[in-house]
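K.L.:
Okay, predicted coordinates and the sequence, questions at the end:
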Number of protein chains: 2
Amino acid sequence: MHLEEKTIASEKTYQGKIFYVTKDTAQLENGNLVQRDVVHHSGGVCVVPLTRENTVLMVRQFRYPMQQVTLEIPAGKLEAGESPEECGLRELKEEVGRTCETYQSLGKMFPTPAYDTEVIHMFLAQDLSKPQAQNLDDGEFLDITELPLKDAVQMVLRGEILDAKTQTTLLKIWALQSGVS
Amino acid sequence: MHLEEKTIASEKTYQGKIFYVTKDTAQLENGNLVQRDVVHHSGGVCVVPLTRENTVLMVRQFRYPMQQVTLEIPAGKLEAGESPEECGLRELKEEVGRTCETYQSLGKMFPTPAYDTEVIHMFLAQDLSKPQAQNLDDGEFLDITELPLKDAVQMVLRGEILDAKTQTTLLKIWALQSGVS
């Protein structure tokens, strides 16, 4: 089929804690063989906690690969047997201590489709409960911040929010609230 | 420092063609040690080719990790000694056969900050030349598509465009053209 690449061989080359890596041989549409290294990840979920006052709850955390603190919406990794919907509600509770009465999908995102299988499922949580205690994973430290949606969108446009899922979800909500014409 | 994680040890566990992997030991702010597996990538660049008619040139290509064809803006990997600006102009020429007279940054994105060092530099290219021949990398096949910006943004909002850098850049350009208030 035009464009399609067929897997000829696949060998696991590294098993990490949250991903594993394979070195594959793929056949292109012209018959040539190429090496494709692939990071395999179970998938992620992110959730925008939007308050009745149109503010967003975000988290500041140290991102080890980037060697810096980033400002992001709550997010996490899909656990075995967990649906994306359940994962988003769990992260909402664990990271910002909230439950919600209104919850909707904002679609999916492929953060790195060239070499990583990860899919991120995006959700919008509204009609939030009062804050309860955070319940973080072992080895997870983060600070909660609350910002007007408008200010957060301006930070995306000015390049001050760098995380991809946070950029897309905030712009998407803003576009949906504004009405695209 | 609050939130910071300090590298105690780092071991290269896999060397691929476009990334390598290390297994690190990091010390958290409470003194505990954790394993951090990290994908190391040289960085990427994407460029939105926007015509005088406000249409966007995009590419359809098979993304092996996703096992599907995706619709994305032109993009590629930073080569050694190349600046992000140069890389974007090179990909514009290679993938859609254009040069441009107006070129500006749309900021940066961290697609997977939890376990991957990749930074994607985003650009907007305008005042495009007439189409010239594509000049693709070995093993690269893609089809060019032209869409009105408005339609492309609607596809992002409807969840029909899944690539993260394409979602963010299209929404960002639309927000900048609309004026955020």
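P.N.:
Thanks, I have it.

K.L.:
Got phi/psi on A:Trp174?
P.N.:
Dihedral pair for A:Trp174: phi -60, psi -40, per degrees, to the nearest 10.

K.L.:
was I right about it contacting A:Val153?
P.N.:
Yes. Taking contacts as C-beta atoms under 8 Å, A:Trp174 lies within contact range of A:Val153: 4.6 Å. To be clear about C-beta, it is placed using only N, CA and C from the backbone, and glycine gets the same treatment.

K.L.:
which other residues reach the one helix or strand A:Thr25 maps to?
P.N.:
Element membership for A:Thr25, per DSSP states H and E: strand A:20-27. Residues from elsewhere that reach strand A:20-27, judged by C-beta atoms under 8 Å, 6 or more residues apart in numbering or on different chains: A:5-14, A:33-40, B:14, B:16, B:21, B:64.

K.L.:
That strand pairs with which strands?
P.N.:
Note on strand A:20-27: by DSSP bridges, its sheet partners are strand A:6-15 (antiparallel), strand A:33-40 (antiparallel).

K.L.:
deepest of those strands, which one?
P.N.:
Stretch with highest mean neighbour count among these: strand A:33-40 (a mean of 18; mean count of other C-beta atoms under 10 Å in any protein chain shown).

K.L.:
for it, what is the average pLDDT?
P.N.:
The average pLDDT within strand A:33-40 is 96.

K.L.:
of A:Trp174 and A:Val153, who's got more company?
P.N.:
Remark: of A:Trp174 and A:Val153, A:Val153 carries more neighbours, 24 against 20, as counted by other C-beta atoms under 10 Å in any protein chain shown.

K.L.:
can I get the CA coordinates of the one helix or strand that one maps to in PDB?
P.N.:
Using DSSP H and E, A:Val153 sits in helix A:149-157. These are the backbone C-alpha positions of helix A:149-157, laid out as PDB (Å, rounded to 0.1, in the frame of the first residue of the first chain):
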ATOM      1  CA  LEU A 149      -7.500  30.700  31.400                       C
ATOM      2  CA  LYS A 150      -6.900  34.000  29.500                       C
ATOM      3  CA  ASP A 151      -3.600  34.500  31.200                       C
ATOM      4  CA  ALA A 152      -2.600  30.900  30.700                       C
ATOM      5  CA  VAL A 153      -3.400  31.200  26.900                       C
ATOM      6  CA  GLN A 154      -1.300  34.400  26.700                       C
ATOM      7  CA  MET A 155       1.600  32.500  28.300                       C
ATOM      8  CA  VAL A 156       1.300  29.800  25.600                       C
ATOM      9  CA  LEU A 157       1.200  32.500  22.900                       C
END
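
K.L.:
Can you list the buried residues in it?
P.N.:
A:Leu149, A:Ala152, A:Val153, A:Gln154, A:Met155, A:Val156, A:Leu157 (16 or more other C-beta atoms under 10 Å in any protein chain shown).

K.L.:
Could you double-check that the second one lies in contact with A:Met58?
P.N.:
So that's A:Ala152. Yes. Contact criterion C-beta under 8 Å: A:Ala152 and A:Met58 qualify, at 7.1 Å.

K.L.:
The nearest residue to A:Asp116 once chain neighbours are set aside and A:Thr117, how far apart?
P.N.:
Nearest residue to A:Asp116, sequence neighbours excluded (C-beta to C-beta, 6 or more residues apart in numbering or on different chains): A:Val39, at 4.1 Å. Plainly put, A:Val39 is 7 Å away from A:Thr117 if you go by C-beta to C-beta, to the nearest Å.

K.L.:
Name the residues contacting each of those two.
P.N.:
Common neighbours of A:Val39 and A:Thr117, using C-beta under 8 Å, 6+ apart, are B:Pro65.

K.L.:
Thought A:Tyr115 was touching the residue nearest to A:Asp116, still the case?
P.N.:
Yes. Applying C-beta under 8 Å, one finds A:Val39 in contact with A:Tyr115, separated by 6.1 Å.

K.L.:
Quickly list what's touching both of those two.
P.N.:
B:Phe19, B:Pro65.

K.L.:
picking up where we left off before, pick the one among the buried residues of helix A:149-157 closest to B:Lys165.
P.N.:
The closest of the buried residues of helix A:149-157 to B:Lys165 turns out to be A:Val156 (C-beta to C-beta; 13.6 Å).

K.L.:
Pretty sure that closest one sits against A:Thr166.
P.N.:
Yes. At 7.4 Å, A:Val156 counts as touching A:Thr166 under the criterion of C-beta under 8 Å.

K.L.:
Can you list the low-confidence ranges for chain A?
P.N.:
A:180-181 (pLDDT under 70).

K.L.:
Helices of that one, start to end?
P.N.:
For chain A, helices defined by DSSP state H occupy the ranges A:84-96, A:149-157, A:164-178.

K.L.:
So for A:Pro131, which of those sits nearest?
P.N.:
Closest among the helices of chain A, using C-beta to C-beta: helix A:84-96, at 7.4 Å.

K.L.:
That closest one and chain B, any residue contact?
P.N.:
No. Legend: contact between helix A:84-96 and chain B by C-beta under 8 Å from any C-beta of the partner chain is lacking; minimum distance shown is 12.5 Å.
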